[in-house]
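Chemist: dropping the sequence and predicted coords here.
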Protein chains: 2
Amino acid sequence: MGISDRLLMGPGPSNPYPEVTMALAGPVLGHLDPQFLQVLDQTNDRLRRVFATSNQLTLPLSGTGSAGMEASFVNFVRPADPVVVGVNGVFGERMCEVATRHGAAVIRVEAEWGEPIDPDRLLAAHPSPAIIAVVHAETSTGVRNEIEALGSGKGDALLLVDMVTSLGGIEVSVDDWGVDIAYSGTQKCLGVPPGLSPLTVSPRAMDRVVERPSSWYLDLNLLSRYVNDSTGGGRVYHHTAPVAMVAALHAGLGVLLDEGIEAAQRRHAECGNLLQDGLVALGLELLVKPDHRLPQLTTVRVPDGVDDAACRRELLRSYGIEIGAGAGRLAGQVWRVGCMGHTARRRNVFALLGAMKEVLGR
Amino acid sequence: MGISDRLLMGPGPSNPYPEVTMALAGPVLGHLDPQFLQVLDQTNDRLRRVFATSNQLTLPLSGTGSAGMEASFVNFVRPADPVVVGVNGVFGERMCEVATRHGAAVIRVEAEWGEPIDPDRLLAAHPSPAIIAVVHAETSTGVRNEIEALGSGKGDALLLVDMVTSLGGIEVSVDDWGVDIAYSGTQKCLGVPPGLSPLTVSPRAMDRVVERPSSWYLDLNLLSRYVNDSTGGGRVYHHTAPVAMVAALHAGLGVLLDEGIEAAQRRHAECGNLLQDGLVALGLELLVKPDHRLPQLTTVRVPDGVDDAACRRELLRSYGIEIGAGAGRLAGQVWRVGCMGHTARRRNVFALLGAMKEVLGR
């Protein structure tokens, strides 16, 4: 069976940076090798810069973005804790499900899929929530939810933010925005294959960490003793770190920081604009209004009379380009076009627009 | 910072097969791409052959071996379930901790570290346990625990086996031995970097699966709908599969099956014997008696008057060879020498023995 290469313009994974591919193919180091621990420390430093935080506990979890979501709840929710969750897409829904499984009393604050969530409604939903949780960039809709107002108004609550699709693609400022817990994924705007979930936790949140959460694998007390030599007594082995993926993330963050975080955001913005203007010029309709539209993930309505799946299949088979189907209640109604990480290049936008024009016969 | 290559002769990771490295560096496919789903299906088929099982639910979990352990308990333990756990090393201890966190009433059956656990004691420990759990190859001690007798005597219990260090290195026969739940890791005898946990579950166990376990990420009900199109209605997205690591595992299993499972086991046995004889010839003492000794993971006592850490550091710095420290209550008392996967070559054994001779001045 031959493996084709793909231009990955779905909701993730994106194409990895060449430097990331090289790192994946590099020599494997042991998870306690001093050189690997240096790679891990540098990776965490680089993550701090990209998250814009000084949080000591900043690390790549050994699972995908959904593991980051689970870690963010299982380590901080106590039984019957009131947890306010913003829901305007698949990942807000998932937050409710995960929080409920870990015993939270979830208060849902909904908005239409395709619309952002008003921060004031989140802040007013409960007088003293333990956690306010929201998705920054909803991968299922292409909407950007506002975070900054939540940080200033959160009161005693912890602010928990899903940054899976935002980190590296649009502005993210964990400390300035007052975010206490944030997780991301490697396979979106960081240009690294899926498999790790960058996570950062404020000291304020660590003061409230659950001592012995139900998950051993995602227990931040234990993980922090491997990631940081906080006692000066050496690292304490927890589980075997996925060393090849950590090396890949290390390399991807290096590319991003060499380019500059703001320059990378500008690149994502420019490509998003080019793509969105191009789709409109093809006579297609975008789901999200410009004010809350993500540049890195665009939802475009499937035109009447067009066979959703056949179009995507044709793009994949004849052009080697992947775009995403609609998810959840938008299934069959929209396509999701990602332009993230190394994929966010003008040449790729031109490639997709050209192929779309042919496939749609416009 | 330069990255050195290493001869990885610790308790894992082992050196990956060259074909695995190539696969890691191959083009990234989307997790719903038909070609990736074919890679995933083939990977699961290959895992079935290596586990020697016809279990439909056989897949690589998106986490390391410890995630496999967690999945094996969180999906099958109900509150206060009696769970018998064999404990003769770090990973048996870990099983107790994980099972307890998921609500089990754990009955410990202990043996000395370095001795195997008598299967009759495990079978006699409780009249009707929900689960009997044991580690096949204890990575902390180098002991092989007997599994086969547990399968024939388990009665109504589910038999749960940690095969992290055994799979691919010594005989494993999930169906013939009556194992209901088994998990492994990629970074030991499979010759793939760490990051995935191969898991297999019998239909008998799936009949008792917890409907909505506390972990969403490791929920086998949800995972099985992505891994298998069991309803014929298509795959249901759960989380973004770590596609590069799955491609790597696919390649590693291909190498193993091309060599032949029994031939690979013979290679591990030969290298283990060569290594163990060589260590004894250097005047060193092995922890485990021959009958229960693993070929792929050897524990050797640190000789009196020798500086444990200094020796390992010297092997790493001057020879680029990693061996492992003792773990848990054997810390400082033994070294752990792995000879697993692609590392299990006679040339590597000679390299280590030569270096050890020099470092120990013998």
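Modeler: Looks like it arrived, so ask away.
Chemist: from here on, just use CA atoms for contacts and neighbour counts.
Modeler: Will do.
Chemist: show me how far the top helix by length along chain A is from its chain's centre.
Modeler: What stands out as the longest helix in chain A, according to DSSP state H, is helix A:261-281. Taking the mean of its C-alpha atoms, helix A:261-281 sits 18 Å from the chain's own mean (C-alpha atoms, centre = their mean, to the nearest Å).
Chemist: stretch A:342-351 near chain B anywhere?
Modeler: No: using C-alpha under 8 Å from any C-alpha of the partner chain, stretch A:342-351 stays clear of chain B, coming no nearer than 12.0 Å.
Chemist: how long is that stretch end to end?
Modeler: Terminal residues of stretch A:342-351 lie 14 Å apart, using C-alpha to C-alpha, to the nearest Å.
Chemist: now do the buried residues in that stretch.
Modeler: Buried residues in stretch A:342-351, defined by neighbour count with 16 or more other C-alpha atoms under 10 Å in any protein chain shown: A:342-346, A:348-349.
Chemist: flag every residue of the stretch 51-200 of chain A that's near chain B.
Modeler: A:62-67, A:70, A:97-98, A:101-102, A:193-195.
Chemist: ok so, going back, which of the buried residues of stretch A:342-351 fall within helices?
Modeler: A:346, A:348-349.
Chemist: now, among those, which is nearest to chain B?
Modeler: For these, the closest approach to chain B (C-alpha to the nearest C-alpha) belongs to A:Asn348, at 16.0 Å.
Chemist: quick one: the helices in the stretch 201-350 of chain A, in order.
Modeler: A:203-206, A:220-227, A:243-259, A:261-281, A:308-319, A:346-360 (DSSP state H, counting those that start in this stretch).
Chemist: just to revisit the earlier point, what is the longest helix of chain A packed up against?
Modeler: Applying 3 or more C-alpha pairs under 8 Å, 6 or more residues apart in numbering or on different chains; DSSP states H and E, one finds that helix A:261-281 contacts strand A:297-301, helix A:346-360.
Chemist: mind redoing it with 7 Å?
Modeler: Here helix A:261-281 touches helix A:346-360, going by 3 or more C-alpha pairs under 7 Å, 6 or more residues apart in numbering or on different chains; DSSP states H and E.
Chemist: tell me how far the helix it packs on lies from the chain's centre.
Modeler: For helix A:346-360, the distance to the chain centre is 25 Å (C-alpha atoms, centre = their mean).
Chemist: ditto for stretch A:91-106
Modeler: The answer for stretch A:91-106 is 18 Å, by C-alpha atoms, centre = their mean.
Chemist: please apply the same query to stretch A:5-16.
Modeler: On C-alpha atoms, centre = their mean, the centre of stretch A:5-16 falls 15 Å from that of its chain.
Chemist: what's near enough to touch A:Glu70?
Modeler: A:98, B:217 (C-alpha atoms under 7 Å, 6 or more residues apart in numbering or on different chains).
Chemist: typo on my end, A:Trp177
Modeler: Residues near A:Trp177 by C-alpha under 7 Å, 6+ apart: A:147-148, A:151.
Chemist: what helix or strand is it located in?
Modeler: Secondary structure from DSSP states H and E places A:Trp177 outside every helix and strand.
Chemist: just the residues contacting stretch A:82-99, thanks.
Modeler: Here stretch A:82-99 has contacts from A:70, A:73, A:104-113, A:117, A:122, A:125, A:129-135, A:138, A:140-141, A:328, B:216, using C-alpha under 7 Å, 6+ apart.
Chemist: likewise stretch A:223-240?
Modeler: A:31, A:57, A:222, B:64, B:66, B:194.
Chemist: ends of it, how far apart?
Modeler: OK, stretch A:223-240 end separation, C-alpha to C-alpha: 11 Å.
Chemist: one more: stretch A:232-243?
Modeler: 23 Å.
Chemist: helices of the stretch 1-150 of chain A, residue ranges please.
Modeler: Using DSSP H, counting those that start in this stretch, helices in the stretch 1-150 of chain A cover A:18-24, A:34-51, A:65-74, A:90-101, A:119-124, A:148-153.
Chemist: check which residues of the fifth one are buried.
Modeler: Spelled out, that is helix A:119-124. A:119, A:122-123.
Chemist: can you tell me which helices and strands it packs against?
Modeler: helix A:148-153.
Chemist: only C-alpha atoms, please: export the helix it packs on in CSV.
Modeler: Extracted C-alpha coordinates of helix A:148-153, given in CSV (Å, rounded to 0.1, in the frame of the first residue of the first chain):
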residue,chain,number,x,y,z
GLU,A,148,-9.8,38.5,28.1
ALA,A,149,-13.0,39.8,29.7
LEU,A,150,-13.4,36.5,31.5
GLY,A,151,-10.0,36.8,33.2
SER,A,152,-10.8,40.3,34.6
GLY,A,153,-14.3,39.2,35.7
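Chemist: state the mean pLDDT of it.
Modeler: In this model, helix A:148-153 has a mean pLDDT of 97.
Chemist: nearest to chain B among the buried residues of helix A:119-124?
Modeler: Using C-alpha to the nearest C-alpha, the buried residues of helix A:119-124 come closest to chain B at A:Leu122, 24.3 Å.
Chemist: I figured A:Trp335 hits A:Gly324, correct?
Modeler: Yes: using C-alpha atoms under 7 Å, A:Trp335 makes contact with A:Gly324 at a distance of 5.7 Å.
Chemist: more neighbours: those two, which one.
Modeler: A:Trp335 (28 against 21; other C-alpha atoms under 10 Å in any protein chain shown).
Chemist: which ones are touching that one?
Modeler: A:299-302, A:324-326.
Chemist: drop anything exposed from these.
Modeler: Judged by 16+ other C-alpha under 10 Å, buried ones among those: A:299-302, A:324-326.
Chemist: closest one of those to chain B?
Modeler: For the buried ones among the contacts of A:Trp335, the nearest to chain B is A:Gly324 (9.1 Å; C-alpha to the nearest C-alpha).
Chemist: what bridges to that closest one?
Modeler: As for beta bridges, A:Gly324 partners with A:Arg336 under DSSP bridges.
Chemist: so how far is A:Phe91 from it?
Modeler: 16 Å.
Chemist: state the number of residues packed around A:Lys289.
Modeler: 13.
Chemist: ok, it to A:Val302 distance?
Modeler: 17 Å.
Chemist: reformat the buried ones among the contacts of A:Trp335 as CSV; add distance to B:Gly232 and pLDDT.
Modeler: Listed next are the buried ones among the contacts of A:Trp335 as CSV, based on distance: C-alpha to C-alpha, whole Å; pLDDT from 0 to 100:
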residue, distance to B:Gly232, pLDDT
A:Thr299, 28, 98
A:Val300, 28, 98
A:Arg301, 27, 98
A:Val302, 25, 98
A:Gly324, 21, 98
A:Ala325, 19, 97
A:Gly326, 20, 97
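Chemist: got the residues you listed as a markdown table, with distance to A:Arg46 columns?
Modeler: Converted to a markdown table, the buried ones among the contacts of A:Trp335 look like this (distance: C-alpha to C-alpha, whole Å):
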| residue | distance to A:Arg46 |
| --- | --- |
| A:Thr299 | 31 |
| A:Val300 | 34 |
| A:Arg301 | 37 |
| A:Val302 | 39 |
| A:Gly324 | 30 |
| A:Ala325 | 33 |
| A:Gly326 | 33 |
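Chemist: A:Gly341 touches A:Lys188, doesn't it?
Modeler: Yes: judged on C-alpha under 7 Å, A:Gly341 makes contact with A:Lys188 at a distance of 6.3 Å.
Chemist: residues near A:Val77, how many?
Modeler: A:Val77 has 23 nearby residues by other C-alpha under 10 Å.
Chemist: which residues touch it?
Modeler: A:102, A:104.
Chemist: against A:Ala130, how distant is it?
Modeler: Taken as C-alpha to C-alpha, the span from A:Val77 to A:Ala130 is 8 Å.
Chemist: ditto for A:Ile261
Modeler: In terms of C-alpha to C-alpha, A:Ile261 sits 32 Å off from A:Ala130.
Chemist: next one: A:Leu249
Modeler: 32 Å.
Chemist: who's in contact with A:Ala23?
Modeler: Residues in contact with A:Ala23 (C-alpha under 7 Å, 6+ apart) are A:247-248, A:251.
Chemist: next: A:Glu110.
Modeler: A:Glu110 neighbours (C-alpha under 7 Å, 6+ apart): A:86-88.
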